[in-house]
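[1] any chance you could fold what I've pasted below:
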Amino acid sequence: MRNRQVEPEEEDDINLTPMLDVVFIMLIFFIVTASFIKETGIEVQKPMSLSAVNKDRANILVGISEDGQIWIDKRQVELRAVRANIERLLSENPEGAVIIQADKKSKNGVMVKVLDAAKAAGVQDVSLSTERP
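    Take a look at the predicted model:
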């Protein structure tokens, strides 16, 4: 009798585990590093300005509608509660900046009161959002 060596059969399957690990790590990386767009909760028509500059990071957005309603974090807020809301958001991120998005037909008095409330809350960087023509 002849002795034949039996060769083991080669696997035809591809091991996908390392590839799945890489895909999940990339997914987590993109989720963590993605910049999330914050919104005030209302759509405003911003006034035009030739000197408008882009601001990279704005953590606290305050929207003022045409009829004087104030919106923070997609919620309508009373004027007397603006400072408390900004203080709460500032405590979450002490380096935060406030951007006021006032409608071009809104009253300046409401905008000034929101600006004063932001300054009283301890925010150092307060800006007004405009558009370039």
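
[2] contacts and neighbour counts: CA atoms only from here.
    Will do.

[3] for this structure, just list every one of the strands.
    Counting by DSSP state E, the chain forms strands over residues 60-64, 70-72, 75-77, 98-102, 126-128, given from the N-terminal end onward.

[4] I'd like those as CSV, with mean neighbour count and distance to residue 117 appended.
    Shown next, in CSV, are the strands of the chain (neighbours: other C-alpha atoms under 10 Å; distance: least, C-alpha to C-alpha, whole Å):
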stretch, mean neighbour count, distance to residue 117
strand 60-64, 26, 11
strand 70-72, 24, 12
strand 75-77, 15, 13
strand 98-102, 24, 11
strand 126-128, 16, 11
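
[5] possible to save those as TSV with mean pLDDT?
    Listed next are these as TSV, based on pLDDT from 0 to 100:
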stretch	mean pLDDT
strand 60-64	88
strand 70-72	91
strand 75-77	90
strand 98-102	88
strand 126-128	85
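
[6] in JSON lines, list the ones you listed along with distance to residue 19.
    Listed next are the strands of the chain as JSON lines, based on distance: least, C-alpha to C-alpha, whole Å:
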{"stretch": "strand 60-64", "distance to residue 19": "39"}
{"stretch": "strand 70-72", "distance to residue 19": "43"}
{"stretch": "strand 75-77", "distance to residue 19": "43"}
{"stretch": "strand 98-102", "distance to residue 19": "43"}
{"stretch": "strand 126-128", "distance to residue 19": "46"}
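
[7] which stretch among these comes nearest residue 14?
    Among the strands of the chain, strand 60-64 comes nearest to residue 14, with 49.2 Å by C-alpha to C-alpha.

[8] just the angle for that closest one relative to strand 98-102, thanks.
    Interaxial angle of strand 60-64 relative to strand 98-102 (axes from the mean of the first three to the mean of the last three C-alpha atoms, to 10 degrees): 20 degrees.

[9] contacts for strand 60-64?
    Strand 60-64 is contacted by residues 38-42, 44, 69-73, 86, 89-90, 96-103, 106, 110-111 when judged by C-alpha atoms under 8 Å, 6 or more residues apart in numbering.

[10] and residue 131, what does it touch?
    Contacts for residue 131 (C-alpha under 8 Å, 6+ apart) come out as 46-49, 52.

[11] hmm, 10 Å instead?
    Residue 131 sits next to 45-54 when contact means C-alpha atoms under 10 Å, 6 or more residues apart in numbering.
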